[in-house]
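Asker: what follows is a predicted structure for the sequence shown.
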Amino acid sequence: MSNRNFDHRVIIQRLQNQVNARNLYINNTTGQKLINNPQNSDGNASRFNLYIPGAQTEYYRGLIGEGETVSVGGIVNVPPFPPFPPSSTTTAPIIYSWKKINSTPSGYTSAVTTSNLDTIILSSDFSTDLLTTTNKGTNWTTLSTGISNFIYGFTGSADTTKLAIARGSGYIYTSTNSGLTWTERTNSGIRNWQGITSSADGNKLIAIGTGLRIYISNDSGSTWTEQLNSVQSNYSEVACSSNGNIIVACVGSKSLFNQSGNIYKSSDGGINWTSLIAAGVRNWGSIDISDDGNIIIAGTNGNNVYISLDGGNTWTAQTSLGVANWITVSVSSDGTKFGAGKTLFGETLFLSFNQGLSWTGQPVVPDNNINAINFSQDGLSVLVQSLTGGCWLYSTD
């Protein structure tokens, strides 16, 4: 490309000469030819009587003689400009790092968090107390629940104000003040509860257990209804969309006990249930679902992790992760990021930031028992609970 400098005077003169050429035609003026030649050192155009080859510019030609036409806007020997390089949408890679959350005791196995992970409330299978922080782990406070048995299921609203506990061989308990006080919900009945989940607003609760149908409350736990259209089975975990309308529950066990079954789904808030046959009959131990209910991840005991990107119609085994006891799985709110934890030595925590296309083992977390994985709302931070190694935060902070 030529290094000539084209300034505004050239453009203006070109337009003026184009007008002049048109006027010559309209007025039937003869004998003149126009060439706009920006190669002039002063930037002005010149008028010539003859065409000059190699001018390398646009030119405008007036009438040669009476009655002849005008040619306007031709290109003479102008080498083509190279194409502009495509605009790049590549952004700098996000750099994550692990840090251990301060003073976190071991043994806590479930977590309810706010969307930014500032507020974290932990529960344990081995204690009736909760542990809470409102500053991402800088300080912790113990909350006594007054429950007389171990906590097998723990859930809460997106703002952590409404909480619910499913107690093994007992009632369900709820709190409306972030765990400061608790109410025993006798209407739930004394059952062998194994898990519980909540809608984002905390109004809808879904509870599962061993040898049970699925139970649902639509009033934050005040009353409970057995879902007669659900299958009575040994459920290991349950999850729901943010509005509580789409629910998935898996049959199996989190332990080495072989207890195979199906994954069941409801798309109408728990009224009707269907078996997700494509997922297969397996010993399912963990399950999670995106906010819109379209993306599902499920872990097995003694098999693979499976992902569905179409609401459970089709499933893909994450064979690169291998066969293991996948005790916990998690999906981000938007369904683009996954986490999976297993109970084996070596790398036990794996994260995917591209819907399972690739996974990265996280050996930095020094534990062989990952019990819970929580993504922040934007998916850029991950809270991980290990049974003996405390809590770890994976983030850009």
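Answerer: All right, it came through fine.

Asker: what ranges of the stretch 251-397 of the chain fall below the confidence cut-off?
Answerer: 255-257, 344-347, 364-368, 396-397 (pLDDT under 70).

Asker: oh, I was asking about the stretch 1-150 of the chain
Answerer: Counting by pLDDT under 70, the low-confidence segments of the stretch 1-150 of the chain come to 1-96, 102-106.

Asker: what comes up buried for the helix or strand where residue 328 lies?
Answerer: Using DSSP states H and E, the element containing residue 328 is strand 324-331. Residues of strand 324-331 classed as buried: 324-331 (neighbour count, 16 or more other C-beta atoms under 10 Å). (Glycine included, C-beta is placed from N, CA and C.)

Asker: show me what it is packed against.
Answerer: strand 284-289, strand 296-303, strand 338-342, strand 370-375 (3 or more C-beta pairs under 8 Å, 6 or more residues apart in numbering; DSSP states H and E).

Asker: and the longest one with strand 338-342, angle?
Answerer: Think strand 296-303. With axes from the mean of the first three to the mean of the last three C-alpha atoms, to 10 degrees applied, the angle from strand 296-303 to strand 338-342 works out at 20 degrees.

Asker: export the helices and strands packed on strand 324-331 as TSV, with columns for mean neighbour count and distance to residue 226.
Answerer: Formatted as TSV, these follow (neighbours: other C-beta atoms under 10 Å; distance: least, C-beta to C-beta, whole Å):
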stretch	mean neighbour count	distance to residue 226
strand 284-289	27	21
strand 296-303	25	24
strand 338-342	27	32
strand 370-375	24	28
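
Asker: right, and those strands - which one's nearest residue 391?
Answerer: strand 370-375 (9.0 Å; C-beta to C-beta).

Asker: taking strand 338-342 as reference, get the angle to that closest one.
Answerer: Strand 370-375 runs at 170 degrees relative to strand 338-342, counting by the same axes, to 10 degrees.

Asker: measure the residue nearest to residue 166 when sequence neighbours are not counted to residue 249 for me?
Answerer: Of all residues beyond its chain neighbours, the one nearest residue 166 is residue 153 (3.1 Å), with distances taken as C-beta to C-beta, 6 or more residues apart in numbering. The gap separating residue 153 from residue 249 is 12 Å, by C-beta to C-beta, to the nearest Å.

Asker: so who does the closest residue to residue 183 other than its chain neighbours touch?
Answerer: Nearest residue to residue 183, sequence neighbours excluded (C-beta to C-beta, 6+ apart): residue 174, at 5.4 Å. By C-beta atoms under 8 Å, 6 or more residues apart in numbering, the residues touching residue 174 are 162-165, 182-183, 185, 205, 220-222.

Asker: contacting residues for the closest residue to residue 274 other than its chain neighbours?
Answerer: In this structure, residue 274 finds its nearest non-sequential neighbour in residue 265, 5.8 Å apart by C-beta to C-beta, 6+ apart. Going by C-beta under 8 Å, 6+ apart, residue 265 touches 246-249, 273-276, 311-312.

Asker: please apply the same query to residue 333.
Answerer: Each residue near residue 333 by C-beta under 8 Å, 6+ apart is listed here: 115, 242, 290-291, 375, 377, 379.

Asker: tell me where the stretch 151-300 of the chain has strands.
Answerer: With DSSP state E, counting those that start in this stretch as the criterion, the stretch 151-300 of the chain has strands at 151-156, 163-167, 172-175, 183-185, 193-198, 205-209, 215-217, 225-226, 235-240, 247-251, 263-266, 274-275, 284-289, 296-303.

Asker: possible to save the ones you listed as JSON lines with distance to residue 339?
Answerer: Converted to JSON lines, those look like this (distance: least, C-beta to C-beta, whole Å):
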{"stretch": "strand 151-156", "distance to residue 339": "18"}
{"stretch": "strand 163-167", "distance to residue 339": "22"}
{"stretch": "strand 172-175", "distance to residue 339": "27"}
{"stretch": "strand 183-185", "distance to residue 339": "31"}
{"stretch": "strand 193-198", "distance to residue 339": "17"}
{"stretch": "strand 205-209", "distance to residue 339": "21"}
{"stretch": "strand 215-217", "distance to residue 339": "27"}
{"stretch": "strand 225-226", "distance to residue 339": "32"}
{"stretch": "strand 235-240", "distance to residue 339": "13"}
{"stretch": "strand 247-251", "distance to residue 339": "17"}
{"stretch": "strand 263-266", "distance to residue 339": "19"}
{"stretch": "strand 274-275", "distance to residue 339": "26"}
{"stretch": "strand 284-289", "distance to residue 339": "9"}
{"stretch": "strand 296-303", "distance to residue 339": "8"}
